[in-house]
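Peer 1: Model the following, please.
(2 chains)
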Amino acid sequence: MTLTMVMFKRLSVSDMKRLSVVIFFCAFTGLAPVSWGQEAEAPDKPAEYFFYRCAGCHTIGGGKLTGPDLITAAQWSSADLRPAIKKMEKNVGPLSEPDIAQVIEFLKDLNVSGRIARQKQRIEAKLRAELPPPSFETGQKLFSGQMAFFNGGPACFSCHRFVGGGGSLGPDLTHIKDRASGVVLQSAVENASYRIMRSIYEKHKISKEESLHLSEFLTHPEKAEIRSVPTMRKAEGLALGGFGGFFVLLWVLNQRRKGPARKNLLRKNLER
Amino acid sequence: MDVRAQMSMVFHLDKCIGCHTCSVACKNIWTDRAGAEYMWWNNVETKPGTGYPALWEDQLNFKGGWVLDKNRELKLRSQDKSDFLPKMFYNPNQPGLDDYYEPWTYQYENLFDAPRGKDQPTAIPVSQITGEPIDIEAGPNWDDDLSGSPVYAENDPNFKDLTADEKKMLFSVERISMMYLPRICNHCVNPSCVAACPSGALYKRGEDGIVLVNQDKCRGWRACVTACPYKKIYYNWKTGKSEKCILCYPRVETGQAPACFHSCVGRIRYMGVLLYDAQRMVEAMKAPKEGLVESQRSVILDPGDPKVVEKALENGISPGWIESAQKSPVWKFVVEWEMALPLHPEFRTFPMLYYVPPLLPVMGRSESNIYEHDVDGIFTSIDKARLPMKYLAALLSAGNIDPVRDSMKKLLAVRVFQRSLTMGDIEPWKLAKVLRDAGLDESQAREIYKLSALPGPEDRFMIPPIQREETVEKTTCSPDKCKGNCGLGKSENPERGL
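Peer 2: Predicted coordinates:
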């Protein structure tokens, strides 16, 4: 499992420029699979902080999200990192000196991947304890619009395709589990911090609970049964049928129309 | 009493020779345009016949005019409140090209431009719609002079009251007869076309009662085409608007008779003002079918009555108009002598064009090859007429024979009276009896003769001063403000169609 997220191709260059840490790391680092059943450990404060403030946009070794992959930050000097992190204040709010130091320490830790994995497990365990267990059925209903989002956001399938059905405006999510799963997928859904989704869900936040259901649903494409919305072909069929029906109606009405008076007279005379 | 003035007309059918000069005069002035080729604002029909468009009198087919509903209220036959909206888009009773005819012209240029060949070049007929050569199957006078009578004349809707024997007699060789019926818009007092228009484009002009289509407002729904029982509104396929006879109002406003009146060879047409009581009009139109001629006459007011004159002046009718109404030949024919009858009053539109029934086919009947001119049997000859009284009654008095017979009697009595003057072979007591039976005195007979046989244009056309400029001043703007206007309102160049 990787931390790579599905990105909209339209993520603009200016977005990337705004962030001062622009280093690309091409190799994907595999992380140990996370299972639901592990015991929580002692809290890792910097990792927690990273997840709370940075993980929405950045990964470490997980590839580019809204912000760049921070795996290469380990090679930066603290003097360079500090102003770069400070610049993020405009995105995440005030960053105090100890906070920044904490982040630098975390980024420069050579064991950072392990700490991230453990932190993920901790978060997932915590979520599991706090919230009802994720339900595939509820997720399916939320995705397909059979159940409304609590805050009234539009159903996923109005833009996204999953297995057999859905819209074609956003990316196809059938294979999303190969690219993200668990808490990553859940947080991606919850934060919806993609260029287009952000504007749509800004005022209609997807709740944590809903995002859990959805990520459960999205990781099991083999079970999904999405009722397909009318495709263009069907719409054409309907239009054609309606058009045909209109002419049938015209024909029926035309039976009531008076005949051509003069021609009827001629015919009557010929029949005589 | 709500006195209104109306330019009204009388056509003296006894004098019509069916020459179609009126139709041609009208055509050349008004409908000689693309989109209007098939329009005949004035046409002359041969009766018996099916007319133009074919079978226009058959309202079971065309659904024109008014009918009385269950509560004896007037109601349009073509539409009501519930179905006028769908009928704007789909009206099954509208006449189509089949009911009129496909207009055509001839390829005259072929006569000059044809390449050298073995045969003489010909001018073949081509459709004015498609431009392709056509087989002419129908025209505006296809049943003229009883042509195709087995198809057309025998199917005249006015024969519905006749028995099979009567019909057979009528069409037997050497008995067959015909008459002509020139028709223009009747400029009805109770026009069903105006009532049916969804756009409010049709209106009856206040000062003279001429019914007009406002070409700016018309949206081409054609509800009027269906609603007019006389089928005198035509749809112009080029402009997408409906058009009708305008009674040549630009001519009338300048004191000239309309073109068809002016050009009439037989001088059958009379024009003059009638005053009527608009208040009593609706009640009068609710009368039983047989009484419609009487009730229609009762609404027309006597212009000599001082009370009527006073009320007319109150309503803004100018003294010039009232004077003209007092001299109107129409008043004399319609009310004073009760000789002129409305065409199909049973459509309940109160037509303001009246017809003096034709005497000739009646008189032409021969017994044992001798024409009947005996004074004793003179009125019985009316009932034994070649063209049955029932037929004329179906045409001119909603099936009631009495008004037609009364009118015929007067025509005959005048004839006898004139014979007594010129030949002197009729005994005075016999003449007196004939006149009494017809309800005339000698002076009236003389006057009828004068107005029927010897009228000059000033007798036939009593056109009042319309004083359009005063109306313009009152209603729209004063001439000094609207300098450069024609006085008929704003002048606009037509966008299309001309």
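Peer 1: Give me the local confidence score for residue 195.
Peer 2: Picked chain A for this. Among the per-residue scores, residue A:195 shows a pLDDT of 80.
Peer 1: that's the other chain; I wanted chain B
Peer 2: Each residue has a pLDDT score; the one for residue B:195 is 96.
Peer 1: Helix or strand: which one has it?
Peer 2: Counting by DSSP states H and E, the element that carries residue B:195 is helix B:192-196.
Peer 1: Show me what that helix packs onto, helices and strands only.
Peer 2: Taking 3 or more C-beta pairs under 8 Å, 6 or more residues apart in numbering or on different chains; DSSP states H and E as the contact definition, the neighbouring helices and strands of helix B:192-196 are strand B:74-76, strand B:202-204, helix B:223-227. From N, CA and C alone the C-beta is placed, and that goes for glycine too.
Peer 1: Pairing partners for the first one, with directions?
Peer 2: The sheet places strand B:74-76 alongside strand B:66-68 (antiparallel), with pairing taken from DSSP bridges.
Peer 1: Give me the contact list for the partner strand.
Peer 2: Strand B:66-68 is touched from outside by B:74, B:75, B:76, B:77, B:190, B:192, B:285, B:286, B:347, B:348, B:349, with contacts defined as C-beta atoms under 8 Å, 6 or more residues apart in numbering or on different chains.
Peer 1: List buried members of these by neighbour count.
Peer 2: The neighbour-count test (16 or more other C-beta atoms under 10 Å in any protein chain shown) applied to the contacts of strand B:66-68 identifies B:74, B:75, B:76, B:77, B:190, B:192, B:285, B:347, B:348, B:349 as buried.
Peer 1: Using CSV, lay out those together with pLDDT and distance to residue B:386.
Peer 2: Listed next are those as CSV, based on pLDDT from 0 to 100; distance: C-beta to C-beta, whole Å:
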residue, pLDDT, distance to residue B:386
B:74, 95, 37
B:75, 95, 38
B:76, 96, 37
B:77, 95, 33
B:190, 96, 34
B:192, 97, 34
B:285, 96, 33
B:347, 96, 27
B:348, 96, 30
B:349, 96, 30
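Peer 1: Spell out which parts of the stretch 151-300 of chain B neighbour chain A.
Peer 2: Listed as neighbours of chain A in the stretch 151-300 of chain B under the rule C-beta under 8 Å from any C-beta of the partner chain: B:151, B:152, B:155.
Peer 1: Please read off the pLDDT at residue 117 from the model.
Peer 2: Looking at chain A here, since you left the chain open. What the model reports as pLDDT for residue A:117 is 81.
Peer 1: looking at chain B here, not the other one
Peer 2: Among the per-residue scores, residue B:117 shows a pLDDT of 91.
Peer 1: Could you check how many residues crowd around it?
Peer 2: One way to gauge burial is a neighbour count; for residue B:117, by other C-beta atoms under 10 Å in any protein chain shown, it gives 7.
Peer 1: Equivalent analysis for residue B:27, please.
Peer 2: Under the neighbour criterion other C-beta under 10 Å, residue B:27 is assigned a count of 21.
Peer 1: List the contacts of it.
Peer 2: Residue B:27 makes contacts with B:40, B:42, as judged by C-beta under 8 Å, 6+ apart.
Peer 1: And the average pLDDT for the strand or helix carrying it is what?
Peer 2: Using DSSP H and E, residue B:27 falls within helix B:21-30. This predicted structure assigns helix B:21-30 an average pLDDT of 96.
Peer 1: Same question for stretch B:52-71.
Peer 2: Stretch B:52-71 shows a mean pLDDT of 93.
Peer 1: quick one: buried residues of that stretch?
Peer 2: Of the residues in stretch B:52-71, those buried by neighbour count under the rule 16+ other C-beta under 10 Å are B:52-59, B:61-66.
Peer 1: Could you do stretch B:89-101 as well?
Peer 2: The neighbour-count check on stretch B:89-101 (16+ other C-beta under 10 Å) flags B:91, B:93, B:94, B:95, B:98, B:99, B:100, B:101 as buried.
Peer 1: What is the burial count for the residue nearest to residue B:289 when sequence neighbours are not counted?
Peer 2: Leaving aside its chain neighbours, residue B:289 sits nearest to residue B:398 (4.6 Å; criterion: C-beta to C-beta, 6 or more residues apart in numbering or on different chains). Residues lying near residue B:398 (other C-beta under 10 Å) number 22.
Peer 1: Assumed residue B:398 was part of a strand.
Peer 2: No. Residue B:398 is assigned coil when assessed by DSSP: H, G, I helix; E, B strand; the rest coil, not a strand.
Peer 1: which other helices and strands contact the strand or helix carrying residue B:295?
Peer 2: Secondary structure assignment for residue B:295, by DSSP H and E: helix B:292-299. Using 3+ C-beta pairs under 8 Å, 6+ apart as the contact criterion, the elements in contact with helix B:292-299 are helix B:278-285, strand B:341-342.
Peer 1: coming back round to it: mind checking which of the buried residues of stretch B:52-71 are in strands?
Peer 2: Judged by DSSP state E, those include residue B:66 as members of strands.
Peer 1: Export the buried residues of stretch B:52-71 as CSV, with columns for distance to residue A:165.
Peer 2: Formatted as CSV, the buried residues of stretch B:52-71 follow (distance: C-beta to C-beta, whole Å):
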residue, distance to residue A:165
B:52, 64
B:53, 59
B:54, 61
B:55, 61
B:56, 62
B:57, 65
B:58, 61
B:59, 60
B:61, 56
B:62, 56
B:63, 54
B:64, 58
B:65, 61
B:66, 61
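Peer 1: Please flag which of the residues of the stretch 151-300 of chain B next to chain A sit within strands.
Peer 2: Counting by DSSP E, no part of those is found in strands.
Peer 1: need the buried ones among the contacts of strand B:66-68 in CSV with distance to residue B:34, can you?
Peer 2: Written out in CSV, the entries for the buried ones among the contacts of strand B:66-68 read as follows (distance: C-beta to C-beta, whole Å):
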residue, distance to residue B:34
B:74, 38
B:75, 37
B:76, 32
B:77, 32
B:190, 34
B:192, 29
B:285, 38
B:347, 31
B:348, 36
B:349, 31
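Peer 1: Pick out whichever of the residues you listed sits closest to chain A.
Peer 2: When those are compared for distance to chain A, the smallest value, 13.1 Å, is given by residue B:77; criterion: C-beta to the nearest C-beta.
Peer 1: Skip ahead from the strand or helix carrying residue A:240 and say which helix or strand is next.
Peer 2: With the criterion set as DSSP H and E, the secondary-structure element containing residue A:240 is helix A:232-254. With elements assigned by DSSP H and E, the helix or strand that comes after helix A:232-254 is helix A:261-271.
Peer 1: Mind listing residues that contact that following helix?
Peer 2: Residues external to helix A:261-271 that are found in contact with it (C-beta under 8 Å, 6+ apart): B:50, B:53-55, B:58, B:61, B:95, B:98-99, B:138, B:142, B:150-152, B:155.
Peer 1: and with 10 Å instead?
Peer 2: The contact list for helix A:261-271 (C-beta atoms under 10 Å, 6 or more residues apart in numbering or on different chains) reads A:258-260, B:50, B:52-56, B:58, B:61-62, B:95-96, B:98-101, B:137-138, B:142-143, B:148, B:150-152, B:154-155.
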